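Asker: With the input below, show me the fold.
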Amino acid sequence: MQLSRVLLEACPGHLELFAAPFDFQPTRTTSLQPDLLVVRREDVGELRLEGTPLLVVEILSPSTRAKDLVLKRALYADSGVPSYWVLDPESATALVLELEDGEYVERTRSAGEVTVAAPFEASFTVADLVS
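Answerer: Numbers count the residues shown, from 1 in each chain. Here you go, the predicted model:
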């Protein structure tokens, strides 16, 4: 919830923040529900998301850890999601990945202050999110 508040405050008007359950279908047969996602307002259709999210955020739990770090990461990259963040409450770290030439590149891995420029400028302290 804390990260939602940070993102809502920083999110520009032409973008919209959604929380699970909100489907993103990277393929015709695959439906994912990221914990948080940021999309262009014009990409929100009547029944589903019509475009690719600009940001997806997954919050790791023991039951979703492998799926979030391997399967979802690959699907998001293949779908062209430009920013993928992973928040790990167990280790109190945030991982910020950005898509470059079809693969995610680590921009930040931090247990402290995190500042990002994409899809919009935002800052947060990991301890404030997981405490």
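
Asker: Packing partners of whatever helix or strand residue 5 lives in?
Answerer: Per DSSP states H and E, residue 5 falls inside helix 2-10. Where contact means 3 or more CB pairs under 8 Å, 6 or more residues apart in numbering; DSSP states H and E, helix 2-10 is packed against strand 15-19, strand 36-40, strand 122-125, helix 126-130. Every residue, glycine included, has its C-beta placed from N, CA and C.

Asker: Contacts only, for residue 69.
Answerer: 60, 86 (CB atoms under 8 Å, 6 or more residues apart in numbering).

Asker: Please read the previous query as pertaining to residue 82.
Answerer: Counting by CB under 8 Å, 6+ apart, residue 82 touches 54, 55, 98, 99, 118, 119.

Asker: Let's verify the fourth one: helix, strand, or coil?
Answerer: What that stands for is residue 99. Here residue 99 is recorded as strand under DSSP: H, G, I helix; E, B strand; the rest coil.

Asker: hey, what's it bridged with?
Answerer: Beta-bridge pairing for residue 99 (DSSP bridges): residue 104.

Asker: What is the neighbour count of it?
Answerer: Residue 99 has 17 neighbouring residues, counting by other CB atoms under 10 Å.

Asker: What does the pLDDT read for it?
Answerer: Looking at residue 99, its pLDDT stands at 97.

Asker: Residue 74 is in what secondary structure piece?
Answerer: According to DSSP H and E, residue 74 maps onto helix 73-79.

Asker: residues in contact with that helix?
Answerer: 24, 26-27, 30, 32, 52, 56, 84, 97, 99, 102-104.

Asker: Tell me the helices and strands packed up against the next helix or strand after that helix.
Answerer: As assigned by DSSP H and E, the chain's next helix or strand after helix 73-79 is strand 83-88. When contacts are defined as 3+ CB pairs under 8 Å, 6+ apart, strand 83-88 sits against strand 55-59, helix 73-79, strand 93-100, helix 126-130.
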